[in-house]
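Colleague: next one to model:
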Amino acid sequence: MNFLFAWRYFKSKKSTNAINIIAWISMIAIMVSTAALIIVLSVFNGFEDLVKNLYGDFYADIKITPKQGKFFTADTAFIQKVKSVNGVNQLSFTVEEKAVLVNGSDYQTIVFLKGVDKNYNNVNKLSHYITDGKYELGTPDAPDIVSGSGIANAVGAFPGLAQQPLVIYLPNRKANTFNSLNAMHSFEVKPAGIFSVQQEFDDKYAFTNLAFVQYMLDLTADEYSSMELSAKDADKTNDIKRQLQKILGDRFIIKTSYEQNQSLFTVMQIEKWVIYGILSLILVVAAFNMIGALTMLVLEKEKDIAVLKAMGASEKRIQNIFLSEGFVLAGAGGFLGMLIAFIICFIQIKFQLIKLEGGTFIINYYPVKMTAPDFILVTLTIMIIAVLASWIPAKKAAEQFYSLKS
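Modeller: Residues are numbered from 1 along each chain as shown. Here you go, the predicted model:
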């Protein structure tokens, strides 16, 4: 009944044209702000999903590192314990150390050299991002390196080009720190490939075979700095982590791919809520127009209110009628806004019409990802704002005395 009255008031012709204009302006404002909210949140979801995929391709589903020290020993029993955990798919051992990569006497840069075993490609998708050369790591006696594009540009480590041999310098763990001549081990390496994932990785990492790094750091064949795992189901990494922690104890730090980049993902979530808050202010501004429209409608319908009260309608009934009117205005604007946003986002997903400027990003168009929680969140926001905006005019309509005499 309340919405029937509200709908009739919404579509009926008003005695003053300004009431119609203000009502339509408030509805259009809600429509535009709703569409903006959905579109911006969907674009943000697209970028967030893209970044997560990039980081997910570079980082393993689960990473195990020692709680104390840089290296740990993994014997056959240790490996069997890890393999026995339900959900573990593949595992790979790595040794990582900071090094200096030098090309002749003119170019050098600091890199994080990561020695990986042959199974590393099964827990990491690095080989999918090779832009030049091949994913080849060489042997302990003839090591090849696969470096990020930033490192390759810094020292000229381009595969297949005639150049001076590259030399990698790694710390000598057995050296007397007071004797600088023995502080570093050095070895010639050959550039085999270049990868490009994301600038943070491209400027930092270089990869080679595990045995070579173990040899350079005077490690035994069963000493590693980390074990990286892939999960059969990426959604169950937290369950796998709990099982591993129970089996391995507190001597190891076990992190999921999310936890390895927790600060990044936390910042992205905060940014999304900030964007939502800022864009919601547009809806608040639209609510002021709605307050004006409903206030003028109450003045327009004074005689109707008096008749309803004379027929026995309670103050609560009158208040609910005008609250419903606010819901009709906000609902119509919100629905149209969501429909427009859905169409725009669908077109962008299908045809990628809106391009990114610059051409330096991994994709050349704005990524979009629509999610049901965003639509639900925006709907709830519109409903709350509709109640708040309608409350004062509805309360005034219910409490004020109106006379049928003019």
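Colleague: can you pull out the strands in the protein?
Modeller: If you assign secondary structure with DSSP state E, the strands in the chain sit at 62-66, 72-73, 88-103, 107-116, 130-133, 144-148, 166-171, 184-195, 205-209, 223-224, 226-231, 252-256.
Colleague: out of those strands, nearest to A35?
Modeller: When the strands of the chain are ranked by distance to A35, counting by C-beta to C-beta, first place goes to strand 252-256 at 35.9 Å. Just so you know, the C-beta spots here come from the backbone N, C-alpha and C atoms, and that holds for glycine as well.
Colleague: any idea how far E97 lies from F201?
Modeller: As for E97, its distance to F201 is 17 Å (criterion: C-beta to C-beta, to the nearest Å).
Colleague: just F93 next, same as before
Modeller: Separation of F93 from F201 (C-beta to C-beta): 20 Å.
Colleague: before we move on, back to that, looking at the strands of the chain, which is buried most?
Modeller: The highest mean neighbour count among the strands of the chain, using mean count of other C-beta atoms under 10 Å, belongs to strand 144-148: a mean of 27.
Colleague: just checking: what are the partner strands of that strand?
Modeller: Here strand 144-148 has these sheet partners by DSSP bridges: strand 184-195 (parallel), strand 205-209 (antiparallel).
Colleague: contacts made by the first one with the rest, please.
Modeller: Put plainly, it is strand 184-195. 100-101, 126, 129-138, 142-149, 152, 157-159, 165-172, 175, 201-202, 208, 212, 216-217 (C-beta atoms under 8 Å, 6 or more residues apart in numbering).
Colleague: next one: the last one
Modeller: The contact list for strand 205-209, computed with C-beta under 8 Å, 6+ apart, reads 99, 101, 111-117, 126, 137-140, 143-148, 151, 168, 189.
Colleague: now do L244 against A74, distance only.
Modeller: L244 is 13 Å from A74, by C-beta to C-beta.
Colleague: for those two, indicate the residue with more neighbours.
Modeller: The residue with more neighbours, out of L244 and A74 and counting by other C-beta atoms under 10 Å, is L244; that gives 21 against 17.
Colleague: nearest residue to the more buried one in space, please, no chain neighbours.
Modeller: In space, and not counting its chain neighbours, L244 is closest to I254: 5.2 Å by C-beta to C-beta, 6 or more residues apart in numbering.
Colleague: for the one you found, name its beta-bridge partners.
Modeller: Under the criterion used here (DSSP bridges), I254 is bridged to I64.
Colleague: tell me who's in contact with it.
Modeller: Taking C-beta under 8 Å, 6+ apart, one finds 62-64, 241, 244-245, 248 in contact with I254.
Colleague: also L161?
Modeller: The neighbours of L161, taking C-beta under 8 Å, 6+ apart as the test, come to nothing; the list is empty.
Colleague: can you tell me how far it is from L170?
Modeller: When distances are taken as C-beta to C-beta, L161 and L170 turn out to be 24 Å apart.
Colleague: quick one: average confidence on the longest helix seen in the chain?
Modeller: The single longest helix within the chain, with elements called by DSSP state H, is helix 17-58. Along helix 17-58, the predicted local confidence has a mean pLDDT of 86.
Colleague: what angle do it and strand 184-195 make?
Modeller: With axes from the mean of the first three to the mean of the last three C-alpha atoms, to 10 degrees defining the directions, helix 17-58 sits at 130 degrees from strand 184-195.
Colleague: how about the residue most central in space within the chain: what's its closest non-neighbour residue?
Modeller: When the chain is reduced to its mean C-alpha position, the closest residue under C-alpha atoms, centre = their mean turns out to be E48, at 2.7 Å. When the adjacent residues along the chain are set aside, E48 lies closest to M268, with 5.4 Å between them (C-beta to C-beta, 6+ apart).
Colleague: I'd guessed the one you found sits against V51; true?
Modeller: Yes - using C-beta atoms under 8 Å as the test, M268 is close enough to V51 to be in contact (7.1 Å).
Colleague: could you measure from A313 over to L297?
Modeller: A313 is 17 Å from L297, by C-beta to C-beta.
Colleague: out of those two, which sits in the more crowded spot?
Modeller: In this comparison of A313 against L297, neighbours counted by other C-beta under 10 Å, the higher total goes to L297 at 23 against 17.
Colleague: surely that one is in contact with G326?
Modeller: No - the pair L297 / G326 is not scored as a contact, 9.9 Å apart, by C-beta under 8 Å.
Colleague: which ones are touching the closest residue to L279 other than its chain neighbours?
Modeller: With C-beta to C-beta, 6+ apart as the measure, L37 is the residue that lies nearest to L279, at 4.8 Å, once sequence neighbours are left out. Residues in contact with L37 (C-beta under 8 Å, 6+ apart) are 276, 279-280, 282-283, 337, 341, 378, 381.
Colleague: going by distance to T371, which of those wins?
Modeller: Each of the contacts of L37 was checked against T371 using C-beta to C-beta; the closest is V378, at 11.0 Å.
Colleague: skipping its backbone neighbours, what lies nearest that closest one in space?
Modeller: Nearest in space to V378, with sequence neighbours left out and distances taken as C-beta to C-beta, 6+ apart, is L37 at 5.1 Å.
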